[in-house]
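J.: make a model of this:
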Amino acid sequence: YVNIREMNYIIQLIVEISNNYHRTPDFFNKIFKILNLMKSEIEENYTNSEIFNLFKSNKRILLFFIEKSTLKIDHSIFNHISENKYWNMQYIQFFLPETKKHISQDLYSEIKNDIKDDIRDIKSYKAKRRIGENDHYICELIRNDSIDDFVIYMNKTNLSVNSTIEKSIFETNLFLMNSNPSLIEYAAFFGSFQIFKYLQLNDANVRPSLWLYAIHGKKPEIIHILEELHIEPSDKCFYECFVEAIKCHWNDMALYVQDNLLTNY
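T.: Now for the predicted structure:
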């Protein structure tokens, strides 16, 4: 006997952790081990549409269930991900092999042209989907905190320290899909301290928005720099930072904000 209410709570918790917790290299492998244990019960107790609705905020988990033949992108789901919210997060582009049969040839050609070489090399395309990260070279350097290669790249391309990250259809992090991060914000998000420090020392804009990125990055050294520079978050009172720390399951940070920074609450 399966208690559906308890099952819903467990699934909701998995989705929240998957969407907000700091991703380590083996993060999704751990998530997928849990989902594999639940796979049979999910298939037996939820319809195709219900499975989609439970996990729709996480492209990477949806892909996992598609590859396990647990979920199909049918016409109803296609209509759902055609809405502006999901179009802006590039769901159709990410699931192009699965949505191809639902779209017109003109739209398919337009999307294929935007994706360029990635869809022509289907093996590479599918590999990048499984990684689920922005596939641009500079993003890989930042995520790995490869400071030497990063400095070489910046000098070689003459890229401004205040440049923003180019969007990628392979991005699966909900926070990043809904934002337009600068280089230093992206570095803060992944806790890449060396690159963050390099950008900061080279006059990158240190904005209030950095607080939320830094909380996702779970790097205390970056938090301390923001404090030393007297950077306040956008809401001034640190309530958003408190909530974000809870969402990211960074309990120590939530307590620190509550005890030392939270005002007017």
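J.: contacts, neighbours, all on C-alpha from now
T.: Will do.
J.: can you check the pLDDT for K100?
T.: Here, the pLDDT recorded for K100 equals 89.
J.: let me see the contact set for it.
T.: Y108 (CA atoms under 8 Å, 6 or more residues apart in numbering).
J.: from now on call the first residue 673
T.: That works, and once the first residue is 673, the last one we named lands at K772.
J.: list phi and psi for it.
T.: phi -50, psi -40 (degrees, to the nearest 10).
J.: for S854, same thing?
T.: phi -80, psi 170.
J.: so what's it closest to, chain neighbours aside?
T.: T836 (3.9 Å; CA to CA, 6 or more residues apart in numbering).
J.: how much space between the one you found and N850?
T.: With distances taken as CA to CA, to the nearest Å, T836 is found 14 Å from N850.
J.: in terms of neighbours, single out the busier of the two.
T.: Remark: of T836 and N850, T836 carries more neighbours, 14 against 11, as counted by other CA atoms under 10 Å.
J.: from what I see, the more buried one and S851 are in contact.
T.: No. With contact defined as CA atoms under 8 Å, T836 does not reach S851; the gap is 10.4 Å.
J.: now the residue most central in space within the chain, nearest residue through space, not along the chain?
T.: Note on the chain: the residue nearest the mean C-alpha position is N845, at 1.1 Å, using CA atoms, centre = their mean. By the measure of CA to CA, 6+ apart, the closest residue to N845 outside its immediate chain neighbours is N691, 6.4 Å from it.
J.: that neighbour belongs to a helix?
T.: Yes. Assessed with DSSP: H, G, I helix; E, B strand; the rest coil, N691 lies in a helix.
J.: that one: neighbouring residues, count only.
T.: Count around N691 with other CA under 10 Å applied: 21.
J.: so it makes contact with N730?
T.: Yes. Between N691 and N730 there is a contact under CA under 8 Å: 6.6 Å.
J.: mutual contacts of these two, please.
T.: Here N691 and N730 share the contacting residues 845-846, scored by CA under 8 Å, 6+ apart.
J.: in what helix or strand does N852 lie?
T.: Assignment of secondary structure by DSSP states H and E places N852 within no helix or strand.
J.: backbone phi and psi for it, please?
T.: phi -130, psi 70.
J.: relative to H888, how far out is it?
T.: For N852 relative to H888 (CA to CA), the value is 15 Å.
J.: on the three-state scheme, K702 is what?
T.: At K702 the chain is in helix, as set by three-state DSSP.
J.: next: the one 4 residues further on.
T.: Per three-state DSSP, the local secondary structure of I706 is helix.
J.: in the stretch 673-822 of the chain, which spans are helices?
T.: 676-692, 699-717, 720-727, 731-739, 747-753, 756-760, 763-766, 768-771, 777-787, 789-792, 794-803, 809-815, 819-829 (DSSP state H, counting those that start in this stretch).
J.: quick check: buried residues in the third one?
T.: Which is helix 720-727. Buried residues in helix 720-727, counted by 16 or more other CA atoms under 10 Å: 720, 723-724, 727.
J.: where in the stretch 823-937 of the chain is pLDDT low?
T.: Filtered on pLDDT under 70, the stretch 823-937 of the chain yields the residue ranges 936-937.
J.: go with 90
T.: 908, 934-937 (pLDDT under 90).
J.: and F861, how far from L855?
T.: F861 is 10 Å from L855, where distance means CA to CA.
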